[in-house]
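A.B. asks: structure of the sequence below:
(chains A and B)
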Amino acid sequence: MAFQSPKGTFDWLPPRSERALRVREAVSAPARRAGYGYIETPTFEDTALFARGVGESTDIVSKEMYTFDDKGGRSITLRPEGTAPVVRAVLQHGLHNGRLPVKLWYSGNNFRYERAQRGRYRHFSQVGIEALGADDPALDAEVILLAAEGYAALGLTGVTLLLNTLGCKECRPAYRAALQGFLAGLDLDEPTRRRAEINPLRVLDDGRPELQARLAAAPLVTDHLCETCKAYHEEVRSLLSALGVAYTDDPRLVRGLDYYMRTTFEFVHDRLGSQSAVGGGGRYDGLSEMIGGPPLPGVGWAIGVDRTVLAMEAEGLFGGEDPAGGVPVQVYGVPLGEEARRRMFRLLAEIRAAGLVADMAFGGKGLKGAMKGADRSGARFALILGERDLAAQAVQVKDLSTAEQTEVPLAQVVHVLKGKIQ
RNA sequence: GUGGGCGUAGCUCAGUUGGCAGAGCGCCAGGUUGUGGUCCUGGAUGUCGUGGGUUCAAGUCCCAUCGCUCACCCCA
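C.D. replies: Coordinates of the predicted model:
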């Protein structure tokens, strides 16, 4: 084998690739119905955008970015996440100077240099939404609702919404100090100690059970919120409850990106191997300023397309797909000889123009091989066209499920097929 | 970055104490030169991941390396 996909990457192949398309479609549909416009940003950005936006202390920036110098000597990074680029684009084009909030959705690939395992690869696709320019708990609730609707539309029942707030720049410093004080009393390993200094909140997110046990008595954000944050969070919670969106309060949910404040949430699924998150997001009111823009509040999420497919597979939500992938073929052409092949090619275009899904035998197979192709295509009808039929200006229409075959004039075949297939 | 498991046909995998490279499925051809599926008959396909070592002899043992995979960590 000459080449294979780069380490830690994979290919989506038919028919399974249809599942990824279906997830993208279902997860973006609610946002489109809620006034979110589509945005595409470059697959790569100035490295500094992520370094400053996502945060130097995060794992993403400190060890997982695909960074290189381009031929002009610029430091470029393949995007590891979608929010910072969207905020950059909004600021660059002044979208925040118009009607607020700016509501956008996107769909694309992200890249992180990680050790691959089930549900975690060096490239992964996300669908995401961002709403900028409004500091309103109803917007947080809307954003969360749109994700929940997407999962529900796919039939997922094993997705749990974890909800938390991280406070704001008023109340977080006091909490941070309290937490740091607590962590200083623990005997921590070196990397964790360093994290406790730079971003102590992220220590709470550590997955190791032995550490979690020692964190049992750690101070929680929810006990240190200022009145504004407390009221904001209560409003988000009550709006979600009013909508019937089920959630679990998780005061230790922090998430790995530094720009989050106030509302954070994560959608988790319990059958993804060692991964759990299928989507997540939160409010990032300081991000715009971190990357040199004006104060601009924002809230959004990203849903992992690949992991959502895995979750659906774990729940057995797929089946009955077209074996070749794509839309199931309804009519299959079997031409005999060169002249018939030309005529069949034209006929195929007419059939497709009439709204039917049609394919034909390519590659000069004999009749037997072409019929085999018809069978494997899954088509209900085969159209057999040879010298004799051409002379009679007719085509043989064979119902492959009953083996019943009738001769139909060429001029009427599209009409007849439409009638049979409706 | 750390640790475990695994690399044999297109796919799933056997391969015994080291002794001729295998099966099922799939694919191709024929049975049927204008008719698919089922059936019957035949056929093709291998850098045994790669490189080195031990040995009369290595898919099998040893070393290295690459890849896959699972887990840690982190997250989508």
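
A.B. asks: if I pick whatever residue of the stretch 151-300 of chain A ends up closest to RNA strand B, what's in contact with it?
C.D. replies: Taking CB to the nearest atom of the strand, RNA strand B has its nearest neighbour within the stretch 151-300 of chain A at residue A:256, 1.4 Å off. Where C-beta positions appear, they are placed from N, C-alpha and C, glycine not excepted. Applying CB atoms under 8 Å, 6 or more residues apart in numbering to residue A:256 gives the contacts A:58-60, A:202, A:205.

A.B. asks: run the last query once more with 7 Å
C.D. replies: Residue A:256 makes contacts with A:58-60, A:202, as judged by CB atoms under 7 Å, 6 or more residues apart in numbering.

A.B. asks: repeat for residue A:60
C.D. replies: A:54, A:80-81, A:112, A:256-257.

A.B. asks: before we move on, the earlier item: please list the members of the contacts of residue A:256 that lie in strands.
C.D. replies: Counting by DSSP state E, no part of those is found in strands.

A.B. asks: buried ones in stretch A:22-31?
C.D. replies: Residues of stretch A:22-31 classed as buried by neighbour count (16 or more other CB atoms under 10 Å): A:22-24, A:26-28, A:30-31.

A.B. asks: from those residues, which land in helices?
C.D. replies: Per DSSP state H, helices hold the following members of the buried residues of stretch A:22-31: A:22-24, A:26-28, A:30-31.

A.B. asks: residue A:292 in helix, strand or coil?
C.D. replies: Of the three states, residue A:292 takes coil under DSSP: H, G, I helix; E, B strand; the rest coil.

A.B. asks: over to residue A:225. Which of the three states is it?
C.D. replies: coil.

A.B. asks: and the gap between it and residue A:251?
C.D. replies: Distance of residue A:225 to residue A:251, given as CB to CB, to the nearest Å: 11 Å.

A.B. asks: those two - which one has more neighbours?
C.D. replies: residue A:225 (24 against 15; other CB atoms under 10 Å).

A.B. asks: touching, the more buried one and residue A:174? I think so.
C.D. replies: No: with contact defined as CB atoms under 7 Å, residue A:225 does not reach residue A:174; the gap is 10.0 Å.

A.B. asks: redo the ones in helices among the buried residues of stretch A:22-31 as a markdown table? Include pLDDT and distance to RNA strand B.
C.D. replies: Listed next are these as a markdown table, based on pLDDT from 0 to 100; distance: CB to the nearest atom of the strand, whole Å:
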| residue | pLDDT | distance to RNA strand B |
| --- | --- | --- |
| A:22 | 92 | 16 |
| A:23 | 95 | 11 |
| A:24 | 96 | 13 |
| A:26 | 96 | 15 |
| A:27 | 96 | 11 |
| A:28 | 97 | 15 |
| A:30 | 97 | 17 |
| A:31 | 97 | 16 |
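
A.B. asks: ok, so of the residues you listed, who is nearest residue A:391?
C.D. replies: residue A:22 (46.4 Å; CB to CB).

A.B. asks: tell me the contacts of the closest residue to the closest one other than its chain neighbours?
C.D. replies: Leaving out its chain neighbours, the residue that sits closest to residue A:22 by CB to CB, 6 or more residues apart in numbering is residue A:154, at 7.6 Å. Residues in contact with residue A:154 (CB under 7 Å, 6+ apart) are A:23, A:26, A:312, A:317.

A.B. asks: okay, and the closest residue to residue A:293 other than its chain neighbours sits in which element?
C.D. replies: With sequence-adjacent residues excluded and distances taken as CB to CB, 6+ apart, residue A:293 is closest to residue A:91, at 4.2 Å. Element membership for residue A:91 (DSSP states H and E) is helix A:83-92.

A.B. asks: so what does that helix touch, helix or strand wise?
C.D. replies: helix A:47-53, strand A:102-111, strand A:123-132, helix A:287-290 (3 or more CB pairs under 7 Å, 6 or more residues apart in numbering; DSSP states H and E).

A.B. asks: packing partners for the second one?
C.D. replies: Using 3+ CB pairs under 7 Å, 6+ apart, the elements in contact with strand A:102-111 are helix A:17-33, strand A:37-38, helix A:83-92, strand A:123-132.

A.B. asks: just so I know, which of those lies nearest residue A:64?
C.D. replies: Nearest to residue A:64, of these and by CB to CB, is strand A:123-132 at 11.8 Å.

A.B. asks: relative to helix A:17-33, how tilted is that closest one?
C.D. replies: 0 degrees (axes from the mean of the first three to the mean of the last three CA atoms, to 10 degrees).

A.B. asks: what comes up buried for the helix or strand just after strand A:123-132?
C.D. replies: Using DSSP H and E, the helix or strand that follows strand A:123-132 towards the C-terminus is helix A:137-153. Neighbour-count burial for helix A:137-153, counted by 16+ other CB under 10 Å, picks out A:137, A:139-151.

A.B. asks: now the residue nearest to residue A:135 when sequence neighbours are not counted: phi and psi?
C.D. replies: Beyond its immediate neighbours in the sequence, the residue positioned closest to residue A:135 (CB to CB, 6+ apart) is residue A:297, lying 4.3 Å away. Dihedral pair for residue A:297: phi -70, psi 160, per degrees, to the nearest 10.

A.B. asks: so what's residue A:297 up against?
C.D. replies: By CB under 7 Å, 6+ apart, the contact list for residue A:297 reads A:133-135, A:285.

A.B. asks: again, but for residue A:192
C.D. replies: A:203, A:206.

A.B. asks: next, it: secondary structure please.
C.D. replies: Assignment for residue A:192 (three-state DSSP): helix.

A.B. asks: so which bits of the stretch 201-350 of chain A are right by RNA strand B?
C.D. replies: Counting by CB under 7 Å from any atom of the strand, the stretch 201-350 of chain A comes close to RNA strand B at A:202, A:205-208, A:254-257, A:266-267, A:273-280, A:302-304, A:306-307, A:336.

A.B. asks: now the buried members of those.
C.D. replies: Going by neighbour count (16+ other CB under 10 Å), those have A:202, A:206, A:254-257, A:266-267, A:275-280, A:302-304, A:306-307, A:336 buried.
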